[in-house]
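Q: need a structure here:
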Amino acid sequence: MKSVMTIEDMKRRKEELKLSLKDLEKLSGVPAPTIQKIFSGTTANPRRSTLIALAGVLENSAGAVMEESAHAKVVFDRQGTYTIEDYFALPEDIRAELIDGVFYLMANPSADHQLAAGEVYYQVRNFIDRNGGNCLPMMAPFGVQLDEDDRTMVEPDLIILCERKRLRKRQYFGAPDFVLEVLSPSNRRHDLVRKLVKYEAAGVREYWILDPMKEKVTVYLFGEETDIMQYDFDTPIPIGIYDGKCTIDLKGLKKLLHEIEE
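A: As a prediction, the model looks like this:
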């Protein structure tokens with residue numbers, strides 16, 4: 001497992017990125033008072049999960065300055081004003097999402113992240129192949145021009161799109177019918193709050209949040225009244241846009257994740 005940044009490294013990185021405690025709270029989901037206690041040394045033995053969440057933000061934060069890429073140092077000094085033109089101009093080794101003109105860096109996915117997204121994709125693909133239909137499943141990295149404007153481009157872990165006419169060479173134009181995001185320590189608030197709001201507002205019909213650590217899937221069926229359901233990995237999970245005719249079995253994924261060493 002990748003080692004967590006030291007607290008001194010985090011404090012130094014926080015200053016480099018010019019992030020306040022409130023900024024860190026918004027990005028990581030860790031309360032500002034807790035961060036203050038960790039950085040001041042008041043909390044001598046902070047939880048490892050808390051440190052991982054903070055490190056994920058500070059190592060990959062879309063602050064004023066990004067890390068060196070293979071091409072050059074990329075500076076974000078116009079947050080809130082960036083467009084899709086800027087998104088496509090990013091170096092190829094930089095992964096980021098653009099939401100309302102603000103860039104958010106994306107961490108490299110872990111093994112459990114990739115296995116989870118891949119397992120759902122595999123089962124959806126098989127269902128579509130067996131039953132036909134016009135829908136297509138697609139995995140990241142692939143851009144979704146969610147709001148149909150030039151200020152937002154997201155990269156969901158998995159989408160199902162049923163309007164093929166909206167598919168472009170470099171992106172999908174508009175809201176997919178189905179979106180899956182796999183949680184990691186560094187993206188919890190991003191997927192649980194920020195992107196949840198964006199997906200519902202844009203017209204996504206169904207949103208799954210898969211949490212490999214808790215072995216849970218939260219399903220949002222958006223409509224006049226949003227339905228929210230939660231499943232564990234031992235329960236077959238119906239896909240709403242297929243009226244439950246397609247179900248996802250994650251028991252095999254659960255067994256596989258337990259075999260992966262830290």
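
Q: Quickly note the distance from the closest residue in space to residue 155 that isn't next to it in sequence to residue 39.
A: Nearest-residue entry for residue 155: residue 140, 4.8 Å, with adjacent residues in sequence omitted and distances by C-beta to C-beta, 6 or more residues apart in numbering. Every residue, glycine included, has its C-beta placed from N, CA and C. To residue 39, residue 140 is 33 Å away according to C-beta to C-beta, to the nearest Å.

Q: quick one: low-confidence ranges for the stretch 151-262 of the chain?
A: Counting by pLDDT under 70, the ranges of the stretch 151-262 of the chain that qualify are 261-262.

Q: rerun that using 90 as the cut-off
A: Within the stretch 151-262 of the chain, the ranges that satisfy pLDDT under 90 run 184-194, 223-226, 244, 259-262.

Q: which residues of it fall in strands?
A: Taking DSSP state E, counting those that start in this stretch, the strands of the stretch 151-262 of the chain run over residues 158-161, 171-173, 178-182, 206-211, 216-221, 227-232, 237-238, 247-248.

Q: Which positions in stretch 121-131 come out as buried?
A: With burial defined by 16 or more other C-beta atoms under 10 Å, the residues of stretch 121-131 counted as buried are 121, 123-124, 127-128.

Q: ditto for stretch 199-214
A: Buried residues in stretch 199-214, counted by 16+ other C-beta under 10 Å: 199-200, 202, 204-212.

Q: Using the record's assignment, carve the chain into domains.
A: In terms of domains, the chain is parsed into 1-61, 62-105, 111-259 (source: automatic domain parsing).

Q: biggest helix in the chain by residues?
A: The longest helix of the chain (DSSP state H) is helix 111-131.

Q: Report the mean confidence score over that one.
A: Confidence over helix 111-131 (mean pLDDT, whole number) is 94.

Q: check contacts around residue 98.
A: Counting by C-beta atoms under 8 Å, 6 or more residues apart in numbering, residue 98 touches 82-84, 86-87, 104, 151-154.

Q: So it, which state does it fall into?
A: Look at residue 98: counting by DSSP: H, G, I helix; E, B strand; the rest coil, its state is strand.

Q: Quickly list what it is bridged to.
A: In this entry, residue 98 is beta-bridged to residue 103, residue 153, by DSSP bridges.

Q: That one and residue 237, how far apart?
A: Distance from residue 98 to residue 237, counting by C-beta to C-beta: 30 Å.

Q: just residue 133 next, same as before
A: Residue 133 sits 19 Å away from residue 237, going by C-beta to C-beta.

Q: Give the phi and psi angles for residue 134, as a check.
A: phi -100, psi -10 (degrees, to the nearest 10).

Q: could you measure the closest residue to residue 164 other than its chain neighbours against residue 243, distance?
A: Distances taken as C-beta to C-beta, 6+ apart place residue 134 nearest to residue 164, at 6.3 Å, with adjacent residues excluded. Using C-beta to C-beta, residue 134 is found at 16 Å from residue 243.

Q: what does residue 51 give?
A: 43 Å.

Q: the more surrounded of those two?
A: Taking other C-beta atoms under 10 Å, residue 51 and residue 243 do not tie; residue 51 has more neighbours (18 against 8).

Q: And the more buried one, how close does it get to residue 6?
A: The value you get for residue 51 to residue 6, if C-beta to C-beta is used, is 9 Å.
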